[in-house]
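Q: coords please:
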Amino acid sequence: MRRRIAYLTLLTLVLTVLLAGPLAAQSKWDGKWTGKIAFDQDAICLTNLSVESAMVKNNELTVMIQNDKYLKKLTGKIDATGKFSGWQRLDFITTKGLTSYSPDFKFTGQFEPSSFDGSFYANFGHAKGGNVCVGTLQLALLGSLEAKAMSSGENLEVLKLKQQIAELGSNRHFSRTAANIDPTKPFDGKWLGKIAFSCSKAIKFQSAVVKNNEFTMVFRDESSLKTVTGKIDASGEFSEWQRLDFVSGGGYSQNQDFKFSGQFSAESFDGEAYANWGPKGAFCSSTLKLGREGSIHAEALLTGKDPNYLMLQRQIAAAQSAPVNDNAEARAEAKKIAKQRAAAEQRLARLLQQQKRESKRLTQLRAEADMQASQNAALRDGTPKPKTSVTANINFGNYHALVIGIDAYRELPRLKTAVADAKAVTQELKSNYGFKVTELINPTRDQMLDTMDDLQATLTYKDNLLIYYAGHGWLNEKSDQGYWLPIDAKKNRRSRWVSNSTLTDTLTALEAKHVMVVADSCYSGRLVRSANINIEGADTADYYQQMSRKKARVVITSGGLEPVEDGKGEHSPFARAFLSALSKNNSVIDGTKLFNAIRRPVMINADQTPQYSDVRRAGHDGGDFLFVRRQK
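A: So this is what the prediction gives:
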């Protein structure tokens, strides 16, 4: 029996050691979170957003975002360093009009033990450079000080100090140490502070002292030290005149009488000084802030720190140095302070909620007023509202193309139309579709790969990329590997060839959302796997919206596993059909319909069969490449 117990104990210890690491890693940020989300104040997006709930489980974040009428779900993995990245569609209207948009937003941020600081953005619209909406997403672990600060609006550092005070004060008695002040002379002592004049930066505060309720303040002006002296009345008010020398903003020397006035309290003085002169009523004013030497107000003025923060720091210092005193008086005072603080926090929370409701109401009123104004304007001018294209509100992103044409081969037979095809494709994409085109005419292998690496380094998820290749191709039947042949390619020497696997690696690494390869070369069919050309609903806005969101890695080839024709006229049969299909499109055409328009003309005019599908092992996720014609 003892051996069995010892064995079970040892087994338990081993399992604990083996499982501790993975379980600890999984639960680093696990738990329920609270948060807030909003567009930046200077963003053009108007919609109110709120975080309904947030949860981290096994390092996967799920946030439910209330987006006006709809509830949106943001999900994504958190990596080992706490970084998060995910996509979610949000609906909103803009300050540029009441047009609704619904683009995909990129969310990124960094997790800390009890907080998450993130941001999100989207680029949308067809204006030059697009429109950009940005915002922030902040989360805090429920039960943490960060969550309390987020809900109450109180400074996090102040809350940390309050917690420290509460921990220290649970068994220690402390109070503010008051100086020995004569009640008949409550303001006597040295005072520190600052003064700032609107007409001169040369006037500086030197010192201040109160003795027998007489206030003496020393300044240095442009020429000498000046003293302001006067009595403080029983209520703490002070008022006196003093002449000061200074240089005005126009560069003129002035010598004017200033009226100094202000109000004393136990630890602070809040005052001002002003003078006016000349027929045009020139005016100079200043603010004067003082604090009793050794007081929180004086330290705040000199350091720029929050007085509440400094007070809490002093309370902590007093608590740490005070002896333990568990008498009834200490407990009663601590209870009284805690009750007052709780009441103040409740009032602040109610005010913040009221402010939030009022802000939301004002936003709704502004949107309603804008809509009413738009409707009234339409009624006044009698113009019918123009019809909107079904794709007008879809963010298709930016379009780029790499067009390659090779016909002047050094070691291989020359081609007739490849370069002409490439130049015609470049012109069509630039003129009618707004592509930013990089054109490579008769490039070497290094030039082709360097250009692809540049695109890999610069393109983002909002971009679309078309790679068009016209040139020789080759199929190694033993390895079942296809190749593009640059201008410097040699027969039976792969060192200067570009393999399909190299192309696939490039397509996989590209950040661009949509990538299409169009290959007009022999044996190019090795890039494809199967055609899928019968898609229902391919003319609707919903379909285009769906395709614009999903990642696409697709390829159209001029043939299968056979040689293809170079062309007997200006262009190859494939290039001629490709250009014709693009020129006839008046709106949006996806890769599927483009292929359908190309396939039959090529088969009729040449002994080759074009192919279309997703690229093998390149990250295709059900999307399609969309060609959006410019509306002139």
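
Q: and Leu626, how many neighbours?
A: Neighbours of Leu626 under the rule other C-beta atoms under 10 Å: 22. (C-beta placed from N, C-alpha, C; glycine too.)

Q: what's the answer for Asp453, then?
A: 12.

Q: over to Ser613?
A: By other C-beta under 10 Å, neighbour count at Ser613 equals 20.

Q: is it part of a helix or strand, or is it coil?
A: strand (DSSP: H, G, I helix; E, B strand; the rest coil).

Q: pretty sure it contacts Val555?
A: Yes - contact criterion C-beta atoms under 8 Å: Ser613 and Val555 qualify, at 6.7 Å.

Q: in the host helix or strand of Asp245, what's buried?
A: When elements are assigned from DSSP states H and E, Asp245 belongs to strand 237-247. Buried residues in strand 237-247, counting neighbours by 16 or more other C-beta atoms under 10 Å, are found at 238, 240, 242, 244-246.

Q: could you do stretch 622-632 as well?
A: Here stretch 622-632 shows 623-629 as buried, counting by 16+ other C-beta under 10 Å.

Q: which residues are in contact with that stretch?
A: 389, 391, 396, 399, 432-434, 464, 466, 513-516, 544, 547-552, 554, 582, 585-592, 594 (C-beta atoms under 8 Å, 6 or more residues apart in numbering).

Q: inside helices: which ones of the residues you listed?
A: Residues of the contacts of stretch 622-632 located in helices (DSSP state H): 432-433, 544, 547-549, 582, 591-592, 594.

Q: ok, which pair from these is furthest apart?
A: Asn432 and Arg549 (24.6 Å; C-beta to C-beta).

Q: name the residue in the two with the higher neighbour count.
A: Per other C-beta under 10 Å, whichever of Asn432 and Arg549 has more neighbours is Arg549, with 18 against 15.

Q: distance-wise, check that one relative to Phe107.
A: 15 Å (C-beta to C-beta, to the nearest Å).

Q: ok, Ser583 next?
A: Ser583 sits 40 Å away from Phe107, going by C-beta to C-beta.

Q: between these two, who's got more neighbours?
A: Phe107 (21 against 11).

Q: okay but Arg496 is in contact with Trp484, surely?
A: No - contact criterion C-beta under 8 Å: Arg496 and Trp484 do not qualify, at 10.7 Å.

Q: give me the more crowded residue out of those two.
A: Neighbours were counted for Arg496 and for Trp484 using other C-beta under 10 Å; Trp484 has more, 24 against 16.

Q: so the more buried one bridges to which residues?
A: When assigned by DSSP bridges, Trp484 has beta-bridge partners Gly473, Val498.

Q: contacting residues for it?
A: Counting by C-beta under 8 Å, 6+ apart, Trp484 makes contact with 448, 469, 471-473, 497-498, 503, 519, 521.

Q: could you redo the last one with a cut-off of 10 Å?
A: 404, 406, 445, 448, 469, 471-474, 497-500, 502-503, 519, 521, 524, 527 (C-beta atoms under 10 Å, 6 or more residues apart in numbering).

Q: re the thing from before, now the buried members of the ones in helices among the contacts of stretch 622-632.
A: Restricting the ones in helices among the contacts of stretch 622-632 to buried positions leaves 433, 544, 547-549, 582, 591-592, 594, with burial counted as 16+ other C-beta under 10 Å.

Q: what do Arg496 and Trp484 both touch?
A: What both Arg496 and Trp484 touch, as defined by C-beta under 10 Å, 6+ apart, is the set Arg445.

Q: ok, Pro601 to Phe595 distance?
A: 12 Å.

Q: between the two, who's got more neighbours?
A: Phe595 (22 against 17).

Q: quick check: that one touching Phe574?
A: No - contact criterion C-beta atoms under 10 Å: Phe595 and Phe574 do not qualify, at 11.3 Å.

Q: mutual contacts of these two, please.
A: In contact with both Phe595 and Phe574: 518, 556-557, 610, using C-beta under 10 Å, 6+ apart.

Q: quick one: the strands in the stretch 151-300 of the chain, in order.
A: Using DSSP state E, counting those that start in this stretch, the strands of the stretch 151-300 of the chain run over 189-197, 204-211, 214-220, 225-231, 237-247, 253-264, 268-277, 282-292.

Q: can I get those in CSV including mean pLDDT and distance to Leu74?
A: Shown next, in CSV, are the strands of the stretch 151-300 of the chain (pLDDT from 0 to 100; distance: least, C-beta to C-beta, whole Å):
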stretch, mean pLDDT, distance to Leu74
strand 189-197, 85, 48
strand 204-211, 89, 54
strand 214-220, 88, 59
strand 225-231, 87, 62
strand 237-247, 82, 58
strand 253-264, 84, 53
strand 268-277, 83, 48
strand 282-292, 83, 47
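
Q: what sits against Tyr409?
A: By C-beta under 10 Å, 6+ apart, the residues touching Tyr409 are 415, 418, 442, 471-472, 485-490.

Q: closest to Lys339 out of these?
A: Pro486 (81.7 Å).

Q: which SS class is the closest one?
A: Classified using three-state DSSP, Pro486 is coil.

Q: thought it was touching Leu440?
A: Yes - the pair Pro486 / Leu440 is scored as a contact, 9.3 Å apart, by C-beta under 10 Å.

Q: that concludes my questions; thank you for your assistance.
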